[in-house]
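Participant: Below is the structure, and that's it, no one-letter string:
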């Protein structure tokens, strides 16, 4: 398995109140050369933290195994209370492809991480989304249904609820890890210059109001290669224009992959023969890697 | 001087007919670890070759000095005939900033290359464009006026024509190098869906016709940060629309820097608070470099 492709990993941990515990997890992730933490957020009500980090596949994998070990050592689900559903101390472990990385690579990474987390750390693992081994496990909510307490109970009578790797019982304090692979999610808003929410509701299903005579169309683009940012932008602008409304601006929430930016520029400039290797820095980087 | 910033270098050599000589020059450039050749073109009528390469400043500098040496060893301007004006065996040596590199860094690189080419190789050097030391030398045509034969003659009677470094006489076979720093040049065409050249001529000064009911507006964007690709695109589209003409497509000739792509995407999507570090790969790369 080639481990030199760029990957993002967004583990969710069932601890959002103790800064010390989350610091220890983040330190474990950063202790691997080449793993870079990009973002971290903790929610008190959810009692949950999300750490976004990235690097080449091999580094990202190592960090995930180390993070699982610290989560096992520092988090006990028997005492855990929070609004957000959870099955494990390290609850969700999605691997996300960046740049030219195929999704399939992240599927392999999730499976390899699952195998090692069971063998080296002792936490059983479920696989979801693109890494799911059965159709019933594609959706995270299905895997997590019943949470730590309910799943532990269900496993005893229902073999179909058993983990994909390890177990079959959950770990008594760390539960199970739900590892998976999914595409990069782009959170994107388009602000329309109108106060008429009814009109904007026609334009998009999900909608939020904000001040200043603007109506905001909010969306999560779950597959930007299938539904590119600029195609959504143009469609919203077209529908708005039909109703005499202008697009004021659009905004990105969080981060965006380089490919989405290149697709938007090429699409909006109508450069039909554009390809990533027309960007000089991309060409230099691929030459230096070769 | 920090030598770890990304730079492109586009040396022009006064040899476009002997593949062996140009191969030897290219090999010298590539012999430096981290220098990547991106493009090479030779013109028989011009009797001239252009090699585009890139890398971190230190690698690019080393390659330039080695290339000057091979040019001196393999090219004799006394026997050189071609349509294109030339002053040296290595005729022009422009350094071009990429990504976050400031132009001033390329000015320093040009000056350092000039000093070393004189001291280590023995060819005198002029500085032009951003690296020029006097206003009269900003324009390449002014520096090269009279070419190898005429400049060599002029130097004897006119001290103002002497090289910036070394000499004061030209090298007897290799002439002089004209080293400089300039911004990335984007060659960009916009194709309009019309056969009416007169209308298109109103839209842009430089214009070329092509087949298929299209008229092409061709341009060289010499400062894409001052005049971004998407601003030109929108302005041409606006002027065309006033005349009832549509933009069919646009096309990039050669390569484009990453920043120009990001500016185009952000500009056309009206993402007013966009910055390079909103692109996940950019953030990972700058973190890994730190």
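Facilitator: In hand now; what should we look at? Values in this document were obtained by computation on a predicted structure and should not be read as measured data.

Participant: contacts and neighbour counts: CA atoms only from here.
Facilitator: OK.

Participant: Could you list the residues in contact with the helix ranked longest in chain A?
Facilitator: The longest helix of chain A (DSSP state H) is helix A:57-74. The contact list for helix A:57-74 (Cα atoms under 8 Å, 6 or more residues apart in numbering or on different chains) reads A:3-9, A:11, A:13, A:21, A:24-26, A:28-35, A:53-54, A:89-90, A:93, A:109, A:113, A:116-117, A:121, A:123, A:173-174.

Participant: Just the buried ones among those, please.
Facilitator: Listed as buried from these are A:5-9, A:11, A:13, A:21, A:25-26, A:28-30, A:32, A:34-35, A:53-54, A:89-90, A:93, A:109, A:113, A:116-117, A:121, A:123, A:173-174; burial here means 16 or more other Cα atoms under 10 Å in any protein chain shown.

Participant: contacts with chain B among those residues, please.
Facilitator: A:34, A:54 (Cα under 8 Å from any Cα of the partner chain).

Participant: among the buried ones among the contacts of helix A:57-74, which are in helices?
Facilitator: Per DSSP H, the subset of the buried ones among the contacts of helix A:57-74 in helices is A:21, A:25, A:26, A:28, A:29, A:30, A:109, A:113, A:116.

Participant: List just the nearest of those to chain B.
Facilitator: Taking Cα to the nearest Cα as the measure, chain B lies nearest residue A:30 of those, at 11.6 Å.

Participant: In chain A, which residue sits nearest chain B?
Facilitator: Residue nearest to chain B within chain A (Cα to the nearest Cα): residue A:265, separated by 4.3 Å.

Participant: just checking, that residue is part of a helix?
Facilitator: Yes: counting by DSSP: H, G, I helix; E, B strand; the rest coil, residue A:265 is found in a helix.

Participant: quick one: contacts for the residue nearest to it when sequence neighbours are not counted?
Facilitator: Setting aside the residues directly before and after it, residue A:265 is nearest to residue B:265 in space (Cα to Cα, 6 or more residues apart in numbering or on different chains), at 4.3 Å. For residue B:265, the contacting residues are A:261, A:262, A:264, A:265, A:268, by Cα under 8 Å, 6+ apart.

Participant: near chain B, which residues of the stretch 151-290 of chain A show up?
Facilitator: Within reach of chain B by Cα under 8 Å from any Cα, the stretch 151-290 of chain A has these residues: A:230, A:233, A:248-252, A:254-258, A:261-262, A:264-265, A:268-274, A:278-284, A:287-288.

Participant: all strands in chain A, in order from the N-terminus.
Facilitator: A:6-9, A:12-13, A:36-43, A:48-56, A:90-97, A:125-129, A:177-181, A:186-192, A:207-210, A:214-221, A:247-253 (DSSP state E).

Participant: want to throw those strands into a markdown table with mean pLDDT?
Facilitator: Output for these, formatted as a markdown table (pLDDT from 0 to 100):
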| stretch | mean pLDDT |
| --- | --- |
| strand A:6-9 | 95 |
| strand A:12-13 | 97 |
| strand A:36-43 | 92 |
| strand A:48-56 | 95 |
| strand A:90-97 | 97 |
| strand A:125-129 | 97 |
| strand A:177-181 | 98 |
| strand A:186-192 | 89 |
| strand A:207-210 | 40 |
| strand A:214-221 | 79 |
| strand A:247-253 | 92 |
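
Participant: Dump these to TSV, plus distance to residue B:224.
Facilitator: Listed next are the strands of chain A as TSV, based on distance: least, Cα to Cα, whole Å:
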stretch	distance to residue B:224
strand A:6-9	29
strand A:12-13	42
strand A:36-43	30
strand A:48-56	31
strand A:90-97	31
strand A:125-129	42
strand A:177-181	38
strand A:186-192	27
strand A:207-210	35
strand A:214-221	30
strand A:247-253	22
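
Participant: Quick one: closest of the ones you listed to residue B:155.
Facilitator: Comparing those by their distance to residue B:155 (Cα to Cα), the top pick is strand A:6-9, with 56.2 Å.

Participant: Contacts for that closest one next, please.
Facilitator: Taking Cα under 8 Å, 6+ apart as the rule, strand A:6-9 contacts A:52-57, A:60, A:93-101, A:106.

Participant: redo that, cut-off 7 Å
Facilitator: A:52-57, A:94-99, A:101 (Cα atoms under 7 Å, 6 or more residues apart in numbering or on different chains).

Participant: And the residues you listed, which of them are buried?
Facilitator: Judged by 16+ other Cα under 10 Å, buried ones among these: A:52, A:53, A:54, A:55, A:56, A:57, A:94, A:95, A:96, A:97, A:98, A:99.

Participant: nearest to residue B:185, of the residues you listed?
Facilitator: Checking these one by one against residue B:185 (Cα to Cα), the nearest turns out to be residue A:99, at 25.6 Å.

Participant: For residue A:224, see how far away that closest one is.
Facilitator: 12 Å (Cα to Cα, to the nearest Å).

Participant: next one: residue A:74
Facilitator: 37 Å.

Participant: who has more neighbours, these two?
Facilitator: Using other Cα atoms under 10 Å in any protein chain shown, the more surrounded residue of residue A:74 and residue A:224 is residue A:224, with 21 against 17.

Participant: quick one: pLDDT of the nearest residue to that one once chain neighbours are set aside?
Facilitator: Once flanking residues are discounted, residue A:224 sits nearest to residue A:260: 6.6 Å by Cα to Cα, 6+ apart. Per-residue confidence (pLDDT) for residue A:260: 95.

Participant: what sits against residue A:260?
Facilitator: By Cα under 7 Å, 6+ apart, the residues touching residue A:260 are A:224, A:228, A:229.

Participant: if I read this right, the last one contacts residue A:263, doesn't it?
Facilitator: No: applying Cα atoms under 7 Å as the test, residue A:229 and residue A:263 come out as separate, 8.2 Å apart.

Participant: For chain A, name the helix or strand with the lowest mean pLDDT.
Facilitator: Every helix and strand of chain A was ranked by mean pLDDT, DSSP states H and E. The lowest is strand A:207-210, at a mean of 40.

Participant: where's the residue of chain A most remote from its centre relative to residue B:75, distance?
Facilitator: The outermost residue of chain A, judged against the average C-alpha position, is residue A:244 (36.7 Å), by Cα atoms, centre = their mean. From residue A:244 across to residue B:75, the span is 67 Å (Cα to Cα).

Participant: With residue A:234 instead?
Facilitator: Residue A:234 is 55 Å from residue B:75, by Cα to Cα.

Participant: If you count surrounding residues, which of these two has more?
Facilitator: Neighbours around residue A:234 and residue B:75, counted as other Cα under 10 Å, are more numerous at residue B:75. The numbers are 20 against 15.

Participant: Excluding sequence neighbours, find me the nearest residue to that one.
Facilitator: Nearest non-adjacent residue to residue B:75 (Cα to Cα, 6+ apart): residue B:89, at 5.7 Å.

Participant: just checking, the one you found touches residue B:79?
Facilitator: No: taking contacts as Cα under 7 Å, residue B:89 lies outside contact range of residue B:79: 11.1 Å.

Participant: The nearest residue to residue A:266 once chain neighbours are set aside: neighbour count?
Facilitator: Of all residues not flanking residue A:266 in the chain, residue A:274 sits nearest, at 6.2 Å (Cα to Cα, 6+ apart). Neighbour count of residue A:274, defined by other Cα under 10 Å: 18.

Participant: Over to residue A:286?
Facilitator: By other Cα under 10 Å, 11 other residues sit near residue A:286.
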